[in-house]
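1. predicted coordinates and the sequence they were generated for:
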Amino acid sequence: MSNKPNTLGIIIASVLITLVVTGTGMYFGLPLLFPNLTADLSEYDQSEEIENITTKGILLQTQYAEFTQYLSIYDSDLVPEIMTGTNLTITTQGSSKLHVIFTENFVARFGPSFSGDAIFNVTLSIVGIQNKTLSILESRMSATGTQEQQNRFAQITLETATLPAATYSIIMYWYSTQDPTGSAYLFTYDSRALYAQEIAV
């Protein structure tokens with residue numbers, strides 16, 4: 001009977017020694033096998049590494065702005081006007097190009113007596129450098145007698161040639177190209193956004 005406690009004690013002591021030896025080996029051995037194991041992962045952004053490897057060149061910087069203010073424009077607004085508050089600036093280091101994207105969910109709404117074509121132009125402008133315009137077209141052969149609306153997602157992408165070092169302004173314009181019968185207007189439905197990337201060439 002007296003041998004059983006001794007045997008149990010030996011087993012427990014063996015297990016504890018094994019755990020201590022194994023833990024010590026992992027503590028000192030793993031950093032040698034995996035040198036980056038102790039790196040501060042909170043400072044590592046994998047998406048940044050992926051973004052910097054592009055088919056367009058080396059990504060130097062990204063500027064981003066989001067806008068939530070409600071805005072609208074009517075079919076009678078035939079003169080281009082600035083889309084209020086929707087702008088962005090970026091300062092480049094030179095020998096680089098700009099890749100700019102504008103996105104928005106628009107809604108086109110039509111009054112009961114509307115008929116004809118409503119065409120709204122939305123222009124992405126890198127001031128003094130380059131513009132690109134997207135047209136949003138809605139047509140009605142005749143008045144429906146009811147108010148209607150259509151959702152329209154818009155994305156404009158613009159890429160420049162090589163530019164010198166400077167500060168560039170990016171501004172959005174919009175306007176109607178004609179004033180048909182009845183009433184129609186375009187308004188911002190959701191958060192619109194501007195992205196500007198500087199890419200080394």
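-> The structure has been received and is ready for your questions.
2. may I have the phi/psi pair for residue 160?
-> Dihedral angles of residue 160 (phi, psi; degrees, to the nearest 10) stand at phi -90, psi 170.
3. so what's it up against?
-> Going by Cβ atoms under 8 Å, 6 or more residues apart in numbering, residue 160 touches 97, 98, 99, 126, 129, 130. For glycine as for every other residue, the C-beta is placed from the backbone atoms N, C-alpha and C.
4. any chance of those residues in JSON lines, with distance to residue 113 too?
-> Shown next, in JSON lines, are those (distance: Cβ to Cβ, whole Å):
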{"residue": "97", "distance to residue 113": "48"}
{"residue": "98", "distance to residue 113": "44"}
{"residue": "99", "distance to residue 113": "43"}
{"residue": "126", "distance to residue 113": "39"}
{"residue": "129", "distance to residue 113": "42"}
{"residue": "130", "distance to residue 113": "39"}
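5. distance check, residue 92 against residue 78.
-> 35 Å (Cβ to Cβ, to the nearest Å).
6. make that residue 87, sorry
-> Taken as Cβ to Cβ, the span from residue 87 to residue 78 is 22 Å.
7. secondary structure class for residue 94?
-> coil (DSSP: H, G, I helix; E, B strand; the rest coil).
8. for it, give me its contacts.
-> Counting by Cβ under 8 Å, 6+ apart, residue 94 has contacts 163, 164, 165, 166.
9. swap in residue 187?
-> The contact partners of residue 187, by Cβ under 8 Å, 6+ apart, come to 70, 71, 72, 73, 106, 107, 109.
10. list the buried ones in the helix or strand it falls within?
-> Under the criterion of DSSP states H and E, residue 187 resides in strand 184-188. When burial is assessed from 16 or more other Cβ atoms under 10 Å, strand 184-188 yields the following buried residues: 184, 185, 186, 188.
11. list the neighbouring strands of the helix or strand following it plus their orientation.
-> Counting by DSSP H and E, the next helix or strand C-terminal to strand 184-188 is strand 192-200. In the sheet, strand 192-200 lines up against strand 58-67 (antiparallel), strand 96-110 (antiparallel) (DSSP bridges).
12. count of neighbours near residue 139?
-> 10 (other Cβ atoms under 10 Å).
13. part of a strand, is it?
-> Yes: Residue 139: assigned to a strand according to three-state DSSP.
14. what sits against it?
-> Residue 139 is in contact with 116, 117, 118, counting by Cβ under 8 Å, 6+ apart.
15. neighbour-wise, give me the winner out of the residues you listed.
-> Top of those by neighbour count (other Cβ under 10 Å): residue 118, with 27 neighbours.
16. just say helix, strand or coil for that residue.
-> Residue 118 carries the three-state label strand when classified by three-state DSSP.
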